[in-house]
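**Q** Next comes the sequence, and after it the predicted model I'd like to discuss.
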Amino acid sequence: MAETHFGFETVDEKDKAQRVAGVFSSVARKYDVMNDLMSMGLHRFWKKFTIDIAAPRPGERVLDVAGGTADLAAAFAPRVGAQGQVWLTDINNAMLGVGRDRLLDEGILAPVAQCDAEKLPFPDNHFDIVTVAFGLRNMTHKDRALVEMRRVLRPGGRLLVLEFSKVWKPLEKAYEVYSFKLLPWLGQKIAGDAESYRYLAESIRMHPDQAALKAMMEHAGLERVEVFNMTAGVVALHRAYKF
(Lines give C-alpha, C1' and ligand atoms only; values in the text may rest on other atoms or scores of the structure.)
Protein backbone atom coordinates (compact mmCIF):
# COMPACT_ATOMS: atom_id res chain seq x y z
CA MET A 1 0.00 0.00 0.00
CA ALA A 2 1.47 3.35 -1.07
CA GLU A 3 1.22 6.02 1.60
CA THR A 4 1.45 9.80 1.65
CA HIS A 5 0.86 12.71 4.01
CA PHE A 6 -2.40 14.43 4.80
CA GLY A 7 -1.06 17.14 7.07
CA PHE A 8 0.82 15.29 9.82
CA GLU A 9 -1.26 12.16 9.28
CA THR A 10 -0.05 9.27 7.11
CA VAL A 11 -2.80 8.04 4.79
CA ASP A 12 -3.24 5.69 1.85
CA GLU A 13 -2.38 7.55 -1.38
CA LYS A 14 -5.77 6.78 -2.90
CA ASP A 15 -7.53 8.45 0.05
CA LYS A 16 -5.66 11.77 0.04
CA ALA A 17 -7.50 13.42 -2.86
CA GLN A 18 -10.85 12.69 -1.22
CA ARG A 19 -9.66 14.05 2.14
CA VAL A 20 -8.33 17.24 0.51
CA ALA A 21 -11.60 17.59 -1.43
CA GLY A 22 -13.49 17.48 1.86
CA VAL A 23 -11.37 20.31 3.24
CA PHE A 24 -11.96 22.65 0.31
CA SER A 25 -15.61 21.77 -0.16
CA SER A 26 -16.09 22.74 3.48
CA VAL A 27 -14.38 26.13 3.24
CA ALA A 28 -15.13 27.19 -0.36
CA ARG A 29 -17.74 29.85 0.42
CA LYS A 30 -15.61 31.50 3.10
CA TYR A 31 -12.26 30.95 1.38
CA ASP A 32 -11.66 34.53 0.22
CA VAL A 33 -12.74 36.05 3.54
CA MET A 34 -10.43 33.70 5.42
CA ASN A 35 -7.54 34.50 3.08
CA ASP A 36 -7.91 38.20 3.88
CA LEU A 37 -8.05 37.52 7.61
CA MET A 38 -5.26 34.95 7.75
CA SER A 39 -2.82 36.99 5.72
CA MET A 40 -4.03 40.42 6.86
CA GLY A 41 -4.62 41.15 3.19
CA LEU A 42 -1.08 40.26 2.16
CA HIS A 43 -2.25 37.47 -0.15
CA ARG A 44 -3.38 40.19 -2.55
CA PHE A 45 0.18 41.55 -2.71
CA TRP A 46 1.62 38.03 -3.15
CA LYS A 47 -0.71 37.33 -6.07
CA LYS A 48 -0.13 40.73 -7.69
CA PHE A 49 3.62 40.11 -7.50
CA THR A 50 3.07 36.72 -9.14
CA ILE A 51 1.17 38.34 -12.02
CA ASP A 52 3.89 40.96 -12.45
CA ILE A 53 6.68 38.35 -12.44
CA ALA A 54 4.73 36.23 -14.94
CA ALA A 55 4.69 39.32 -17.20
CA PRO A 56 1.67 38.30 -19.32
CA ARG A 57 1.44 39.86 -22.76
CA PRO A 58 -1.62 40.49 -24.95
CA GLY A 59 -2.62 37.38 -26.87
CA GLU A 60 -0.93 34.86 -24.56
CA ARG A 61 -2.53 31.66 -23.27
CA VAL A 62 -2.59 31.19 -19.50
CA LEU A 63 -3.47 28.10 -17.46
CA ASP A 64 -4.29 28.59 -13.77
CA VAL A 65 -4.00 25.19 -12.06
CA ALA A 66 -5.84 24.66 -8.76
CA GLY A 67 -7.16 28.17 -9.40
CA GLY A 68 -10.00 27.90 -6.90
CA THR A 69 -11.83 31.18 -6.45
CA ALA A 70 -10.15 32.70 -9.55
CA ASP A 71 -8.03 35.47 -8.02
CA LEU A 72 -5.25 34.92 -10.53
CA ALA A 73 -7.48 34.10 -13.49
CA ALA A 74 -9.44 37.33 -13.00
CA ALA A 75 -6.22 39.34 -12.84
CA PHE A 76 -4.67 37.66 -15.89
CA ALA A 77 -7.70 38.13 -18.15
CA PRO A 78 -7.36 41.89 -18.80
CA ARG A 79 -3.60 41.54 -19.22
CA VAL A 80 -3.86 39.02 -22.08
CA GLY A 81 -6.89 40.75 -23.58
CA ALA A 82 -9.51 39.49 -25.98
CA GLN A 83 -6.90 37.85 -28.22
CA GLY A 84 -5.53 35.82 -25.30
CA GLN A 85 -7.11 33.11 -23.20
CA VAL A 86 -7.13 32.19 -19.51
CA TRP A 87 -8.22 28.73 -18.37
CA LEU A 88 -9.38 28.30 -14.76
CA THR A 89 -9.00 24.73 -13.46
CA ASP A 90 -9.41 23.03 -10.12
CA ILE A 91 -9.98 19.46 -8.97
CA ASN A 92 -12.60 20.60 -6.47
CA ASN A 93 -16.08 21.35 -7.82
CA ALA A 94 -17.12 23.61 -4.92
CA MET A 95 -14.05 25.83 -5.28
CA LEU A 96 -14.37 25.87 -9.06
CA GLY A 97 -18.00 26.93 -8.77
CA VAL A 98 -17.03 29.92 -6.65
CA GLY A 99 -14.32 30.86 -9.14
CA ARG A 100 -16.62 30.51 -12.15
CA ASP A 101 -19.25 32.71 -10.50
CA ARG A 102 -16.64 35.31 -9.67
CA LEU A 103 -15.44 35.50 -13.27
CA LEU A 104 -19.01 35.85 -14.52
CA ASP A 105 -19.77 38.54 -11.92
CA GLU A 106 -16.74 40.48 -13.17
CA GLY A 107 -17.84 40.11 -16.79
CA ILE A 108 -14.96 37.80 -17.70
CA LEU A 109 -15.74 35.01 -20.15
CA ALA A 110 -13.08 32.38 -19.46
CA PRO A 111 -13.13 28.61 -19.97
CA VAL A 112 -13.36 26.55 -16.80
CA ALA A 113 -12.43 22.88 -16.33
CA GLN A 114 -12.57 20.52 -13.37
CA CYS A 115 -9.44 18.39 -13.64
CA ASP A 116 -6.58 16.75 -11.78
CA ALA A 117 -3.28 18.63 -12.00
CA GLU A 118 -1.50 15.28 -12.33
CA LYS A 119 -3.47 14.53 -15.55
CA LEU A 120 -4.08 17.84 -17.32
CA PRO A 121 -6.49 17.52 -20.29
CA PHE A 122 -4.53 19.86 -22.54
CA PRO A 123 -2.18 19.27 -25.49
CA ASP A 124 1.60 19.52 -25.30
CA ASN A 125 3.24 22.91 -25.80
CA HIS A 126 -0.02 24.84 -25.55
CA PHE A 127 0.31 27.56 -22.89
CA ASP A 128 2.61 30.55 -22.54
CA ILE A 129 2.12 30.73 -18.76
CA VAL A 130 1.07 28.13 -16.18
CA THR A 131 0.43 29.16 -12.58
CA VAL A 132 -0.42 27.30 -9.39
CA ALA A 133 -1.04 29.37 -6.26
CA PHE A 134 -1.34 27.65 -2.88
CA GLY A 135 -2.33 24.40 -4.56
CA LEU A 136 0.82 22.36 -5.09
CA ARG A 137 1.17 21.32 -1.46
CA ASN A 138 -2.26 19.61 -1.59
CA MET A 139 -1.32 17.39 -4.52
CA THR A 140 -0.52 13.74 -3.84
CA HIS A 141 2.29 13.49 -6.41
CA LYS A 142 3.83 16.94 -6.70
CA ASP A 143 6.52 15.64 -9.03
CA ARG A 144 3.94 14.32 -11.50
CA ALA A 145 2.01 17.59 -11.38
CA LEU A 146 5.16 19.58 -12.14
CA VAL A 147 5.95 17.31 -15.10
CA GLU A 148 2.39 17.80 -16.40
CA MET A 149 2.60 21.57 -16.03
CA ARG A 150 5.88 21.55 -17.93
CA ARG A 151 4.36 19.35 -20.64
CA VAL A 152 1.57 21.80 -21.46
CA LEU A 153 3.94 24.78 -21.56
CA ARG A 154 5.23 25.85 -24.95
CA PRO A 155 9.02 26.20 -25.38
CA GLY A 156 9.92 29.53 -23.83
CA GLY A 157 6.88 29.42 -21.56
CA ARG A 158 7.08 30.00 -17.84
CA LEU A 159 5.71 28.25 -14.75
CA LEU A 160 4.91 30.23 -11.60
CA VAL A 161 4.48 28.34 -8.31
CA LEU A 162 3.28 30.47 -5.40
CA GLU A 163 3.24 28.57 -2.12
CA PHE A 164 3.77 28.77 1.62
CA SER A 165 7.38 27.99 2.45
CA LYS A 166 10.08 28.06 5.12
CA VAL A 167 9.82 31.14 7.32
CA TRP A 168 12.85 33.13 8.50
CA LYS A 169 14.27 31.33 11.55
CA PRO A 170 13.89 34.16 14.12
CA LEU A 171 10.15 34.19 13.38
CA GLU A 172 9.62 30.43 13.63
CA LYS A 173 8.22 30.35 17.20
CA ALA A 174 5.75 33.17 16.62
CA TYR A 175 4.71 31.58 13.33
CA GLU A 176 4.07 28.26 15.09
CA VAL A 177 1.72 29.93 17.56
CA TYR A 178 -0.05 31.77 14.75
CA SER A 179 -0.39 28.61 12.66
CA PHE A 180 -1.56 26.12 15.26
CA LYS A 181 -3.50 28.38 17.62
CA LEU A 182 -4.85 31.37 15.72
CA LEU A 183 -5.61 29.76 12.34
CA PRO A 184 -7.87 26.96 13.68
CA TRP A 185 -9.60 29.50 15.95
CA LEU A 186 -10.28 31.80 12.98
CA GLY A 187 -11.41 28.81 10.94
CA GLN A 188 -13.95 27.89 13.59
CA LYS A 189 -15.24 31.44 14.06
CA ILE A 190 -15.48 32.42 10.38
CA ALA A 191 -15.89 29.19 8.42
CA GLY A 192 -17.24 26.94 11.18
CA ASP A 193 -14.38 24.53 10.53
CA ALA A 194 -11.30 24.45 12.76
CA GLU A 195 -10.02 21.12 11.43
CA SER A 196 -9.61 22.27 7.83
CA TYR A 197 -7.41 25.15 8.97
CA ARG A 198 -5.45 22.87 11.25
CA TYR A 199 -4.79 20.76 8.14
CA LEU A 200 -3.69 23.95 6.35
CA ALA A 201 -1.05 24.62 9.01
CA GLU A 202 0.14 21.01 8.95
CA SER A 203 0.27 20.85 5.14
CA ILE A 204 2.54 23.91 5.08
CA ARG A 205 5.00 22.16 7.41
CA MET A 206 5.05 19.05 5.21
CA HIS A 207 5.59 20.99 1.96
CA PRO A 208 9.12 21.16 0.48
CA ASP A 209 11.03 24.31 1.44
CA GLN A 210 12.41 26.81 -1.07
CA ALA A 211 15.53 24.83 -2.01
CA ALA A 212 13.77 21.45 -2.12
CA LEU A 213 10.99 22.76 -4.37
CA LYS A 214 13.55 24.37 -6.67
CA ALA A 215 15.28 20.98 -6.97
CA MET A 216 11.95 19.26 -7.70
CA MET A 217 11.20 21.72 -10.48
CA GLU A 218 14.64 21.18 -12.02
CA HIS A 219 14.16 17.41 -11.79
CA ALA A 220 10.85 17.86 -13.68
CA GLY A 221 12.84 19.36 -16.57
CA LEU A 222 12.25 23.04 -15.85
CA GLU A 223 15.13 25.46 -16.22
CA ARG A 224 16.34 28.80 -14.87
CA VAL A 225 14.43 28.30 -11.63
CA GLU A 226 14.36 31.46 -9.52
CA VAL A 227 13.04 31.89 -5.99
CA PHE A 228 11.45 35.08 -4.67
CA ASN A 229 10.87 35.08 -0.91
CA MET A 230 8.06 37.25 0.44
CA THR A 231 7.06 38.20 3.98
CA ALA A 232 10.20 36.71 5.53
CA GLY A 233 9.76 33.41 3.72
CA VAL A 234 6.18 32.79 4.80
CA VAL A 235 5.51 32.59 1.08
CA ALA A 236 7.85 31.94 -1.84
CA LEU A 237 7.32 32.36 -5.56
CA HIS A 238 9.24 30.00 -7.85
CA ARG A 239 9.54 30.96 -11.52
CA ALA A 240 10.91 28.54 -14.09
CA TYR A 241 11.03 28.16 -17.87
CA LYS A 242 10.62 25.38 -20.42
CA PHE A 243 13.21 25.37 -23.21
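**A** Everything's here; your move.

**Q** in the protein, which strand has the most residues?
**A** Criterion DSSP state E: the longest strand present in the chain is strand 153-164.

**Q** I'd like the mean pLDDT over that strand, please.
**A** For strand 153-164, mean pLDDT is 98.

**Q** now do stretch 113-122
**A** The average pLDDT for stretch 113-122 rounds to 97.

**Q** Quick one: end-to-end length of it, please.
**A** Stretch 113-122 has an end-to-end distance of 10 Å (C-alpha to C-alpha, to the nearest Å).

**Q** ok, residues contacting it?
**A** In this structure, residues lying in contact with stretch 113-122 by C-beta atoms under 8 Å, 6 or more residues apart in numbering are 17, 63, 65-66, 87-93, 96, 132, 135, 139-141, 144-145, 148-149, 151-152. C-beta here means a position set from N, CA and C on the backbone, and glycine is covered the same way.

**Q** Buried ones from these, can you make that a ChimeraX selection?
**A** Here is the ChimeraX command that selects the buried residues among the contacts of stretch 113-122 (16 or more other C-beta atoms under 10 Å):
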select :17,63,65,66,87,88,89,90,91,92,96,132,135,139,140,145,148,149,151,152
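
**Q** mind listing which of the contacts of stretch 113-122 are in strands?
**A** Among these, DSSP E puts 63, 65, 87-90, 132 in strands.

**Q** which one among the residues you listed gets closest to Phe49?
**A** Within the ones in strands among the contacts of stretch 113-122, distances to Phe49 taken as C-beta to C-beta reach their minimum at Val132, with 15.1 Å.

**Q** Against Ala113, how distant is the closest residue to that closest one other than its chain neighbours?
**A** Spatially, and ignoring its direct neighbours in sequence, Val132 is nearest to Val65 (4.3 Å; C-beta to C-beta, 6 or more residues apart in numbering). Val65 sits 10 Å away from Ala113, going by C-beta to C-beta, to the nearest Å.

**Q** now Leu120, what's its secondary structure?
**A** Three-state secondary structure (criterion: DSSP: H, G, I helix; E, B strand; the rest coil) places Leu120 in coil.

**Q** For it, give its distance to Arg151.
**A** The separation that Leu120 has from Arg151, given C-beta to C-beta, amounts to 7 Å.

**Q** cool, and Phe8?
**A** Between Phe8 and Arg151 the computed distance is 32 Å (C-beta to C-beta).

**Q** Could you do Val80 as well?
**A** Val80 sits 21 Å away from Arg151, going by C-beta to C-beta.

**Q** Could you report the neighbour count for Glu163?
**A** Per other C-beta atoms under 10 Å, the neighbour tally for Glu163 reads 22.

**Q** Same question for the one 4 residues further on.
**A** Counted with other C-beta under 10 Å, the burial measure for Val167 works out to 21 neighbours.

**Q** Same check on Glu218?
**A** Taking other C-beta under 10 Å as the neighbour definition, Glu218 ends up with a count of 14.

**Q** residues contacting it?
**A** Contacts for Glu218 were tallied using C-beta under 8 Å, 6+ apart; they are 225, 240.

**Q** Equivalent analysis for Pro58, please.
**A** Contacts of Pro58 by C-beta under 8 Å, 6+ apart are 79-81, 83-84.

**Q** sorry, back to before: now do the longest strand of the chain: distance to the chain's middle.
**A** Counting by C-alpha atoms, centre = their mean, to the nearest Å, strand 153-164 is centred 12 Å from the centre of its parent chain.
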